[in-house]
Structure formats: structure tokens, C-alpha cells
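Enquirer: Below is the structure, and that's it, no one-letter string:
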């Protein structure tokens, strides 16, 4: 019986039901090369990374959208407060002290006759600057020290753990009263430095635990067995997979640092006049709360909304980056 003639331009593929189907070579190669989907019926999408999955979830989360819009608005008015408040926050008129809302002055005046609306808008710059700079400093210092302790372990880990225990034992407000009371600077940098000094242990512990968990994974052990150096292991394999918890905690802590700056300024050891701060305005308006409650209401409300926005943003980021919540 003669053998069937093989046509290189045709190929035979099974139909999956006991028969065959003639296909062109190009069609056969396409069918053979396309990976099957989860149900075996079609091509499978390219696998997404943790960050792409997190971004997709964040875009669909209304909490993230609302908090991001509020924070974006705060950043814009911090950079360009004159967009919505053209006056000077230091211009005061004692003849208008404690007066209520007027045309061109929707928030009224405080006890010194300063426009509450203008000072509230300009106060956002101080809060955002302190929050962002302090968070960056805490995240960098705490992440580096914690990552090194978790990666190398041994004596380095033990020494750093004891140092963090000492810093955790210092009450934050009491430490601020002691350290900042001897500083006469009216800039934000002493407050930022104080927050970094007492805030890094929290991020350090988070980074240490995350690095210890990641370095035990099989892909890290395989890279080590192949001769990867410590720097390559840390930068290429461990850090990208251990940074998510640090980002979540830092985002939530940012709102806490803004609140801490306002607290220290309220107590008179943080920012000092002529600096413009919500904490300073709240402190100045407290004695006049019965006669001019508006002078206390607006800076307090702005502070509460700002802190809430950053905490909501941190919660949304945590939900998106934590695989256990999926």
C-alpha cells in the first residue's frame, strides 16, 4: 500500500473529539505556540506582577481615588498657595480681631486680626513639608538599618534590636518637649529631624522582619548557591520583594507625623511664630473658643482632613499590596 504523500504546506491536528483537522503550517504553529489559558480553551494572559495587580486594584478602590484627590489638592496649594489665597498670612488688623465671615474673608479673623482663610491655606505647606520630608527620612534610615540587620543577623541584629528598644521607651511628646525646647529655629527642619530621630525604629523593625522572611525563599537560596554576592542578593532579589510592607507603614505614618508636628507646635516647642502652622493657629485660637470658634474650627478641620486622607491612602495601599487580603 503506497504511503500517503506528505505535504509540507499542510499539517494535521487533532480535534479533541476523535477526528483530525487539516491546518496550514502557519496555523498549526500558531496553535501549537499559543499557551493555553486556565481552562485550556484559549491563550493565557501574560502574568502580572504584584505591583501591576496592586495598581489595578487601587484604581478600582474609591477610597484610594478620593484620598488621592484630596492629597493632590493639598500638594498643589502647598506649592502654589496664591492660586486660591492671594493675601499674606502675616498681614493682620487688630481692628478686625475675632470678627466672623465677611466678603473676601470667608473664614473670618483670629484673635490677632489675621485672615483665617489665608493662614489655613498657607498652613498646608508646613504640614505637607514636614510629613513628606519626615517620612522620607524615616523610611530611608529605618529601611537601611533594618534591612542590614535582617540580612546579616548575628551581633549586628542584636545591637540594633537593643538600640530600637531604647528609642521605643522614649515617649514621643515628652522627647519633643525636652529636645525641641532648647532650639530657637523657626524653620521646619528641627521638627523633621526630631521625627526622624524617634520614628526610624518602627520602620526598622518592619524592614528587618520583611527581609528575614524574604531571604528564606527558594529563589534567594538558589541565587546564593549560584554565587551571587551579598549586594546583588539584597538589591536584585530581596529588596524589591521586601519593600511593600515598608511602603504601607510609611504611608500611614505620614499622617501621624503631620499630627505630631501640629501637637508640638500647639505645645509651643515645634514651629514658632512667625511661621504659619495649623498647630500654631489652633494654640492661638484656643483661649478664644467661646468668642471666636471659627478661628479654631477651620485649622482643626483642615488638619483632621489631611491626616484622614493620608491614613485612608495607607489603608488602600495596604489592602492592595497584602496578598493575604486578596
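Expert: Thanks, I have the structure now. All figures in this text were calculated on a predicted structure; none of them were measured in a lab.
Enquirer: For the most centrally placed residue in the chain, which non-adjacent residue is closest in space?
Expert: Centroid-nearest residue in the chain: residue 251, 2.6 Å away (criterion: CA atoms, centre = their mean). Spatial nearest neighbour of residue 251, excluding adjacent residues (CB to CB, 6 or more residues apart in numbering): residue 314 at 3.8 Å. Backbone N, C-alpha and C define where each C-beta goes, glycine included.
Enquirer: Any idea how many residues pack against that neighbour?
Expert: 21 (other CB atoms under 10 Å).
Enquirer: give me the element it is part of.
Expert: Element membership of residue 314 [criterion: DSSP states H and E] is helix 294-321.
Enquirer: what packs against that helix?
Expert: Applying 3 or more CB pairs under 8 Å, 6 or more residues apart in numbering; DSSP states H and E, one finds that helix 294-321 contacts helix 50-59, helix 62-79, helix 116-152, helix 239-266, helix 278-285.
Enquirer: correct me, but the residue nearest to the centre of the chain touches residue 312?
Expert: No: when contacts are counted by CB atoms under 8 Å, residue 251 is not listed as touching residue 312 (9.9 Å).
Enquirer: For the helix holding residue 314, list every residue counted as buried.
Expert: The neighbour-count criterion (16 or more other CB atoms under 10 Å) identifies 294-300, 302-303, 306-307, 309-321 as the buried residues of helix 294-321.
Enquirer: okay, the residue nearest to residue 251: pLDDT?
Expert: Looking at residue 314, its pLDDT stands at 88.
Enquirer: With residue 217 as the reference, measure out to it.
Expert: Distance, residue 314 to residue 217, by CB to CB, to the nearest Å: 26 Å.
Enquirer: what's the answer for residue 60, then?
Expert: 29 Å.
Enquirer: neighbour count winner among those two?
Expert: residue 217 (13 against 10).
Enquirer: State the number of residues packed around the nearest residue to the more buried one once chain neighbours are set aside.
Expert: In space, and not counting its chain neighbours, residue 217 is closest to residue 241: 7.7 Å by CB to CB, 6+ apart. Other residues lying near residue 241 total 16 when counted by other CB under 10 Å.
Enquirer: and residue 105, backbone torsions?
Expert: phi -140, psi 70 (degrees, to the nearest 10).
Enquirer: and the residue lying closest to it once chain neighbours are set aside, how many residues sit next to it?
Expert: The shortest distance from residue 105 to any non-neighbouring residue, by CB to CB, 6+ apart, is to residue 115 (5.3 Å). Residues contacting residue 115 under the criterion other CB under 10 Å number 25.
Enquirer: going forward, begin numbering at 815 instead of 1
Expert: New numbering, starting at 815: the last item is residue 929.
Enquirer: which residues sit in contact with residue 929?
Expert: By CB atoms under 8 Å, 6 or more residues apart in numbering, the contact list for residue 929 reads 901, 903, 905, 919, 921, 923.
Enquirer: one more time with 7 Å, if that's ok
Expert: 901, 919, 923 (CB atoms under 7 Å, 6 or more residues apart in numbering).
Enquirer: Buried ones in the helix or strand hosting residue 987, by neighbour count?
Expert: According to DSSP H and E, residue 987 maps onto helix 986-994. Residues of helix 986-994 classed as buried: 990, 993-994 (neighbour count, 16+ other CB under 10 Å).
Enquirer: Please apply the same query to stretch 966-983.
Expert: Of the residues in stretch 966-983, those buried (16+ other CB under 10 Å) are 971, 974, 978.
Enquirer: What of stretch 918-931?
Expert: Buried, per 16+ other CB under 10 Å, within stretch 918-931: 919, 921-926, 928-931.
Enquirer: what about that stretch, average pLDDT?
Expert: The model assigns stretch 918-931 a mean pLDDT of 91.
Enquirer: coming back round to it: so for the helix holding residue 987, mean pLDDT?
Expert: For helix 986-994, the mean confidence score works out to 89.
Enquirer: next one: stretch 1023-1037
Expert: On average, stretch 1023-1037 scores 89.
Enquirer: ends of that stretch, how far apart?
Expert: The first and final residues of stretch 1023-1037 sit 20 Å from each other (CA to CA, to the nearest Å).
Enquirer: hmm, who's touching that stretch?
Expert: Contacts of stretch 1023-1037 (CB under 7 Å, 6+ apart): 961, 964-965, 1047, 1051-1052, 1055-1056, 1059-1060.
Enquirer: Which PyMOL command selects the buried ones in those residues?
Expert: Entered in PyMOL, the line below selects the buried ones among those, by 16+ other CB under 10 Å:
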select buried, resi 961+964+965+1047+1051+1052+1055+1056+1059+1060
